[in-house]
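S.K.: This is a predicted model, with the sequence first.
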Amino acid sequence: MKFLVMPGDGIGPEIVPVAVSALETLNRKLGLGISLETVDIGFASLETSGNTFPDEALEKARDADGTIMGPTDTLAYPPLAEGGRGPSAFMRTGLDLYANIRPAKTRSGVPSTVGNMDLVFARENTEGFYADRSMYLGNGEMMLTKDVAISVRKITREASLKIAEAAFKLAMQRRRKVTIVTKRNVLKMTDGLFHDTVREVAQDYPEVEVDDVIIDAMSALMVRTPDAFDVVCTSNMYGDILSDLGNELAGGLGLGGTINAGDDHVMAQAVHGSAPDIAGQDIANPTAMVLSLAMMLDWIAAREQDNKLKEAGHRLGAALDAQLSKTATQTRDLGGPLGCKAFGEALVKRLEDEA
């Protein structure tokens, strides 16, 4: 089994090695048979190849069983014509990673804004309001004049079906509730199509409770009654915004793990950005990256029916929960004393000491 590693920009080269070290420990202890290959993306590859996401990166990812991608600083990239490709967009569309699965969960020992939260966002990943994903050729944003800009949103039945199926399958493994989040009272055709398609899929899952919430109300209800939600099924931009809110309420974006998954490929990628303001200072929290890896191990284990990978995902998640449960072993953003490197070393020691 082969995993591809893309360190990324900013804090990526600090947090990705923490996840990789944990994986190497589990690989050795459990005999997982995983080999690792690293390929540069972002500013590192821009310097060497003139492109922030070279063609070989996508080809290597297509041949890998899973990809670990660090955060990227796409806002600072040059224009596309000058080599500024968005790695996330190219991976998600190039490998049809249509399901962005983003948990938001309060954890013992971690300060949070809300009392109890354990929900998962099933976010459609390949279209919506994202300008780099809504056109076959060209960009979904256009300047009609220097004073007028417009943006095209794409919602398709096919993509809506895929994310709906992913959401209901996830709900069947959890508390059997799906909340559809749209703005269909205003965007009656696009959000109407998304809503109606998810409702159609719901008919195949009579065991699952389904409700509908408008996005602005959802942002308030997540603060007021976060324990009322289980799986949230929504389109691309809504899911991006709401999942950031959820993770911040649960303790911070540094805790936001996620996978981008399709039928055949999966990528682990933290929710947060590259945080260039703290890069190189050894103060980044690598939790989100490690959680993303644990999620990817679980996803591949389910696909391959691999009990060793399932055990690896479980051990990694349990070790992380144990480490986060005490202030003495937390990172500084959570009130603890540890830097990024020390946190990773402590996590590896937990995994090493486990019978």
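M.R.: Happy to help now that I have it. Residues are numbered from 1 along each chain as shown.

S.K.: Quick check: phi and psi at the residue of the chain most remote from its centre.
M.R.: When distances are taken from the C-alpha mean of the chain, T145 lies farthest, 36.1 Å away, according to Cα atoms, centre = their mean. With angles defined as degrees, to the nearest 10, T145 sits at phi -140, psi 180.

S.K.: One more: L144?
M.R.: Dihedral angles (degrees, to the nearest 10) for L144: phi -70, psi -40.

S.K.: okay, it: pLDDT?
M.R.: We have a pLDDT of 94 for L144.

S.K.: could we number from 763 for the rest of this?
M.R.: Understood, numbering begins at 763; the last thing we discussed is L906.

S.K.: Quick check: beta-bridge partners of the residue farthest from the centre of the chain?
M.R.: V910 (DSSP bridges).

S.K.: Helix, strand, or coil at the closest residue to V963 other than its chain neighbours?
M.R.: Ranked by Cβ to Cβ, 6 or more residues apart in numbering and with sequence neighbours excluded, the top spatial neighbour of V963 is A926, at 3.9 Å. C-betas here are computed from N, CA, C, even on glycine. Three-state assignment for A926 (DSSP: H, G, I helix; E, B strand; the rest coil): helix.

S.K.: Run a quick neighbour tally on A926.
M.R.: Other residues near A926 come to 24 when the count uses other Cβ atoms under 10 Å.

S.K.: Tell me how far it lies from G1001.
M.R.: 13 Å (Cβ to Cβ, to the nearest Å).

S.K.: L785 and A1041: what is the separation?
M.R.: 22 Å.

S.K.: mind checking pLDDT for the residue most central in space within the chain?
M.R.: Centroid-nearest residue in the chain: T1020, 2.7 Å away (criterion: Cα atoms, centre = their mean). For T1020, the pLDDT comes out at 95.

S.K.: Which residue is the nearest non-sequential neighbour of it?
M.R.: Nearest non-adjacent residue to T1020 (Cβ to Cβ, 6+ apart): R864, at 4.5 Å.

S.K.: my guess is the residue nearest to V963 meets V960, correct?
M.R.: Yes. Using Cβ atoms under 8 Å, A926 makes contact with V960 at a distance of 4.2 Å.

S.K.: Now do the shared contacts for those two.
M.R.: Contact criterion Cβ atoms under 8 Å, 6 or more residues apart in numbering; residues shared by A926 and V960: C995.

S.K.: ok, back up a step: please identify which of L785 and A1041 sits among more neighbours.
M.R.: L785 (26 against 18).

S.K.: and the helix or strand hosting that one, what does it pack onto?
M.R.: According to DSSP states H and E, L785 maps onto helix 774-792. Where contact means 3 or more Cβ pairs under 8 Å, 6 or more residues apart in numbering; DSSP states H and E, helix 774-792 is packed against strand 764-768, strand 797-800, strand 828-831, helix 1049-1066, helix 1069-1086, helix 1102-1115.

S.K.: do that again at 10 Å, thanks
M.R.: strand 764-768, strand 797-800, strand 828-831, strand 1028-1031, helix 1049-1066, helix 1069-1086, helix 1102-1115 (3 or more Cβ pairs under 10 Å, 6 or more residues apart in numbering; DSSP states H and E).
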